[in-house]
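Student: Provide a 3D model corresponding to the input given below.
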Amino acid sequence: MSEAILKSLKPTLSRTSDSQDMVQLLHEFHKMKETSHRLNIINNLHARLALAVDLASMVDAFSVWLAPLVPHELLGLDVPGQKARHYCCSNHGSARRNVISLAERLFSNASKVSVLKSWKEEEYFVHNWRISFNEESGLLLILRPDARLDIQEEAIMQDALSVLTGALQRARVYEQVFEESRKDSLTGLGNRRVFEERLGPLLEGARRHNHKLSLVSMDLDCFKQINDNLGHAEGDRVLKLVADTFADMIRVSDVLVRFGGDEFALILPDTDCVSARILAERLCRAVGGLNIYATPESKLGVSIGLCQWSADMTQDQWLQKTDELLYQAKDNGRNCVCSA
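Tutor: Sure, this is the predicted structure:
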């Protein structure tokens, strides 16, 4: 090609090159804008989850963040190892009950859920993801009636799940620390903190709804001799055995705690003094039936004081009266029950 022709084409080639550069620049700018948008979305998720500490609040925060991006009627998390399920549902009334009932059935049908990632169940489209955290495995479930997730929504979920997994790990560690702080390390029963947390609300419920409520205070007899004569390892074994014995004889709604040493307390909702005494005497006989002796003359027993709350009592007066009855049981010869 001659120099004259090249010279005449140079302005056109220059404009074409500039145009291609502009297209490439716009393409890069668009990609950067999309990346920035995705980062902003994920940063917002980080911020929301940072305010949640346990698994239940984590599910709520995640569902609220996700709703504008991936609309859904229910988001649920099942953690079989904890025997715990948490739901966040936008429905109300019977519609809420129906969709939660469907989610319960889906979580219970593990074989189907583990094979299918997306399908229609009744009037809902179902999506699920496996999540692993802290050596535990959870199942995240989304139900919505309109359509399956599209490609963009799937991409949002994939980005979000990596963030959620880390947050769930933190939440589980928090829950484990919280659980341990409320548990007696030797017997596995609740500790004094649990007693104080539960006593106030139960007392307020009894006052408001005129329910019966009884308190049982228990102190082991001859336990010091067991520690002194048989050793602290044997004393620990005895405390665990007594705690298990008590736990096997009470209802799920009752609150049994170890205060420390050889002291135990039991809160009995919806229980009057007569029924509480029947239980207390059974506990007395059960400890005696363990046939544990510190010496041939010193047999393990339990002294029990119990008092039904009445409307003219403050919480402190009720606690003090129960303690006085325990001391009276000790004075009456031990291994017996003293009630108001």
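Student: can I see the domain layout of the chain?
Tutor: 28-181, 192-339 (automatic domain parsing).
Student: From one end of stretch 133-151 to the other, what's the distance?
Tutor: Distance between the boundary residues of stretch 133-151 (Cα to Cα, to the nearest Å) amounts to 26 Å.
Student: now do stretch 288-298
Tutor: End-to-end distance for stretch 288-298: 11 Å, by Cα to Cα.
Student: so how far is it off the chain centroid?
Tutor: Averaging C-alpha positions (Cα atoms, centre = their mean, to the nearest Å) puts stretch 288-298 40 Å from its chain's average.
Student: Name all residues that make contact with Ala103.
Tutor: With Cβ atoms under 8 Å, 6 or more residues apart in numbering as the criterion, the residues that contact Ala103 are Leu74, Gly76, Tyr87, Leu141, Leu143. Just so you know, the C-beta spots here come from the backbone N, C-alpha and C atoms, and that holds for glycine as well.
Student: Return the helix or strand in the protein with minimum mean pLDDT.
Tutor: helix 110-115 (a mean of 62; mean pLDDT, DSSP states H and E).
Student: after it comes which helix or strand?
Tutor: Next along the chain after helix 110-115, taking DSSP states H and E as the criterion, comes strand 118-121.
Student: Quick one: residues in contact with that next one.
Tutor: Outside strand 118-121, the residues that touch it by Cβ under 8 Å, 6+ apart are Leu102, Leu106, Phe125, Val126, His127, Asn128, Leu143, Arg148, Leu149.
Student: from those residues, which is closest to Ala56?
Tutor: Nearest to Ala56, judged by Cβ to Cβ, of these is Leu143 at 18.3 Å.
Student: Could you report the neighbour count for the closest one?
Tutor: When counting by other Cβ atoms under 10 Å, one arrives at 24 neighbours for Leu143.
Student: contacting residues around whichever strand or helix holds it?
Tutor: Following DSSP H and E, one finds Leu143 within strand 136-144. Strand 136-144 has contacts (Cβ under 8 Å, 6+ apart) with 70-82, 99, 102-103, 106-107, 110, 113, 121, 124-132, 149, 161, 164, 168, 172.
Student: go on, stretch 154-174?
Tutor: Identification of contacts with stretch 154-174 by Cβ under 8 Å, 6+ apart yields 38, 41-42, 45-46, 49, 52-55, 57-58, 62, 65-66, 69-70, 127, 129, 131-134, 136, 138, 140, 149.
Student: how about a cut-off of 6 Å?
Tutor: Residues outside stretch 154-174 that contact it (Cβ atoms under 6 Å, 6 or more residues apart in numbering): 42, 45, 49, 53-55, 58, 62, 69-70, 129, 131, 133-134.
Student: now swap in stretch 67-74 and tell me
Tutor: Counting contacts by Cβ under 6 Å, 6+ apart, the residues outside stretch 67-74 that touch it are Cys89, Ser90, Asn91, Val99, Ala103, Ile142, Leu143, Arg144, Glu153, Ile156.
Student: Just read off the phi/psi values of the nearest residue to Gln315 once chain neighbours are set aside.
Tutor: What sits nearest to Gln315 in space, not counting adjacent residues and going by Cβ to Cβ, 6 or more residues apart in numbering, is Leu203, at 5.8 Å. Dihedral pair for Leu203: phi -70, psi -40, per degrees, to the nearest 10.
Student: likewise Asn134?
Tutor: According to degrees, to the nearest 10, Asn134 has phi 50, psi 50.
Student: Spit out the contact partners of it.
Tutor: Per Cβ under 6 Å, 6+ apart, neighbours of Asn134: Gln169, Arg172.
Student: again, 10 Å this time
Tutor: Gly81, Thr165, Leu168, Gln169, Arg170, Ala171, Arg172, Val173, Gln176 (Cβ atoms under 10 Å, 6 or more residues apart in numbering).
Student: what's the answer for Ala47, then?
Tutor: By Cβ under 10 Å, 6+ apart, Ala47 lies in contact with Ala61, Trp65.
Student: what angle sits between the helix or strand containing Ser57 and strand 136-144?
Tutor: Following DSSP H and E, one finds Ser57 within helix 55-66. With axes from the mean of the first three to the mean of the last three Cα atoms, to 10 degrees as the basis, helix 55-66 and strand 136-144 are set at 40 degrees to each other.
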